[in-house]
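Q: the following comprises the amino acid sequence and a computationally predicted model.
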Amino acid sequence: MIDGWAAEAVARLDREREDAGPTPLRDFPLPEAWGVRLRLKDESAQPTGGLKHRLARALFAQAIASGRITEGTTVVDATGGPMAVAEAYFARLLGLPYIAVMPKKSSGAGVERLGGTCRYVDPPLAVYEQAARLSEEIGGHHLDHYRSAAEVDWRGASLADELFGQVGDCPRWIVAGAGTGATSAAIGRLLRARGLRGRLAVADPENSAYFPGWATGAPDYATGMPSRIEGVGRPRMEPAFDSAVVDLVVPVPDAASVAAARHVRQVTGLAVGAATGTNLWAALELITRMRDRGERGEVVGVIGDAGERHLATCHDDAWAAARGLDWRPYAERLRDLLGEP
């Protein structure tokens, strides 16, 4: 039987979801003659400003309902960036201590602003072992979001459910990035469960295992190299990634992701992260193929990470140069494609 604290905690998560409301679909301008409409699902409108917000909420709800998180439980996870911020947000909402175990060179400022604690680990791949060990030592709960995302009960609140309620007629393509892989899996499964004609493409950055793993059919494919694009790409095929529901994986050069992120900012004013650039570049590849075949219709992509902090990352020339990312040739290709001066 669920106890009083757990019932109130789950109700609080449900109220938070209702208060947050649906995130908007934003039109991205394309030449009218193409006959293709591109819309971006703007997950940066979530309270923590990113795509990981929904997953973090679902993970907390499931762990509470199953009794793994109880009143006062310290929640631990091996994570950084938007996922760590989202988890810290929900831990504070529920009055729970939270510890993010992350690589030594990461910034935990967002977690600490929300009252969480950061433990820094070197080498980076040791974060998983250290998070599991720490959780056991203190009697906490290891959220383990990469594994847990494969099992999470979205309770009707996934991006996929919301998206299909907004778009009306199903788009020809839906384009998503893959971190844990949970979002693309939810979209792909819903497409098939409802018998919709739309197809799912995953946009994948350099060093990620998803494109080669999908292309070769190897569920345990691993590159062993971290993605340079925050929020998407993994050095291994994660349990939540469902290759069977993915119609196409589009590999995207990291410098192209930077150029496309900058282009989104020029068009919309949103300082998106490079992961949104990855998504846009893949969407435009698909749209170009549609245009060349004379196909009309709609493509929907995802903005998952807009925020002022990205002005110091992919929108900053010095940041890009320090990582060897020459985005200018790709920016020129975008201008030529879209007929811009």
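A: Right, received. Where do you want to start? Not measured: the values here are computed from a predicted model. Numbering: from 1, shown residues only.

Q: can you give me the buried ones in stretch 159-172?
A: Leu159, Ala160, Glu162, Leu163, Phe164, Val167, Cys170, Pro171, Arg172 (16 or more other Cβ atoms under 10 Å). Bear in mind the C-beta positions are built from the backbone N, C-alpha and C, glycine included.

Q: okay, and which of the residues you listed map to strands?
A: Residues of the buried residues of stretch 159-172 located in strands (DSSP state E): none.

Q: now, those that are in helices?
A: Residues of those located in helices (DSSP state H): Leu159, Ala160, Glu162, Leu163, Phe164, Val167.

Q: in the protein, where's the longest helix?
A: helix 274-293.

Q: and the angle from the helix or strand that that helix is followed by to helix 159-167?
A: Per DSSP states H and E, the first helix or strand lying C-terminal to helix 274-293 is strand 297-303. If you take axes from the mean of the first three to the mean of the last three Cα atoms, to 10 degrees, strand 297-303 sits at 140 degrees to helix 159-167.

Q: what segments of this protein are helices?
A: Under DSSP H, the chain gives helices at 4-20, 52-65, 81-94, 109-113, 127-138, 145-148, 159-167, 182-193, 210-216, 254-268, 274-293, 317-322, 328-338.

Q: which residues sit against the shortest one?
A: The contact list for helix 145-148, computed with Cβ atoms under 8 Å, 6 or more residues apart in numbering, reads 55-56, 59, 62-63, 77, 79, 83, 87, 180, 234, 238-240.

Q: buried residues, stretch 64-75. List them.
A: In terms of neighbour count (16+ other Cβ under 10 Å), stretch 64-75 has its buried residues at Ile64, Ala65, Ile69, Thr73, Thr74, Val75.

Q: in the chain, where is pLDDT below threshold?
A: For the chain, the stretches with pLDDT under 70 are 1-2, 153-157.

Q: centroid residue for it?
A: Leu51 (4.7 Å; Cα atoms, centre = their mean).

Q: what sits against that residue?
A: Residues near Leu51 by Cβ under 8 Å, 6+ apart: Glu43, Pro82, Leu159, Gly177, Gly179, Thr183, Gly231, Val302, Gly304, Asp305.

Q: 6 Å - rerun?
A: By Cβ atoms under 6 Å, 6 or more residues apart in numbering, the contact list for Leu51 reads Glu43, Gly304.

Q: which helices and strands sit right next to the longest helix of the chain?
A: Using 3 or more Cβ pairs under 6 Å, 6 or more residues apart in numbering; DSSP states H and E, the elements in contact with helix 274-293 are strand 173-177, strand 199-204, helix 254-268, strand 297-303.

Q: can you list the ones you listed in JSON lines and add distance to Ala150 and mean neighbour count?
A: Formatted as JSON lines, those follow (distance: least, Cβ to Cβ, whole Å; neighbours: other Cβ atoms under 10 Å):
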{"stretch": "strand 173-177", "distance to Ala150": "16", "mean neighbour count": "29"}
{"stretch": "strand 199-204", "distance to Ala150": "16", "mean neighbour count": "26"}
{"stretch": "helix 254-268", "distance to Ala150": "26", "mean neighbour count": "24"}
{"stretch": "strand 297-303", "distance to Ala150": "20", "mean neighbour count": "24"}
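
Q: let's have these in JSON lines, adding distance to Ser148.
A: Shown next, in JSON lines, are the helices and strands packed on helix 274-293 (distance: least, Cβ to Cβ, whole Å):
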{"stretch": "strand 173-177", "distance to Ser148": "19"}
{"stretch": "strand 199-204", "distance to Ser148": "20"}
{"stretch": "helix 254-268", "distance to Ser148": "27"}
{"stretch": "strand 297-303", "distance to Ser148": "21"}
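
Q: can you list the domains in this structure?
A: 21-50+152-338, 53-148 (automatic domain parsing).

Q: Arg15: which of those domains is closest?
A: Closest to Arg15 of the domains of the chain, according to Cβ to Cβ: domain 53-148, at 9.7 Å.

Q: how long is the closest one from one end to the other?
A: Taking Cα to Cα, to the nearest Å, the first and last residues of domain 53-148 lie 15 Å apart.

Q: who touches stretch 251-261?
A: Contacts for stretch 251-261 (Cβ under 6 Å, 6+ apart): 203-206, 211, 228-229, 272, 274, 276-278, 280-282, 314, 320, 325-327, 330-331.

Q: are any of the residues you listed buried, and which?
A: Looks like the contacts of stretch 251-261 have 203-206, 211, 228-229, 272, 274, 276-278, 280-282, 314, 320, 325, 327, 330-331 buried, using 16+ other Cβ under 10 Å.

Q: farthest-separated two in the buried residues of stretch 159-172?
A: Greatest spatial distance among the buried residues of stretch 159-172 (Cβ to Cβ): Glu162 and Arg172, at 19.4 Å.

Q: Leu13 and Ala7: what is the separation?
A: Distance from Leu13 to Ala7, counting by Cβ to Cβ, to the nearest Å: 11 Å.

Q: who's more crowded, those two?
A: Leu13 (22 against 13; other Cβ atoms under 10 Å).

Q: give the contact list for the more buried one.
A: Per Cβ under 6 Å, 6+ apart, neighbours of Leu13: Arg57, Ala61.

Q: gap between it and Leu55?
A: According to Cβ to Cβ, Leu13 and Leu55 sit 13 Å apart.
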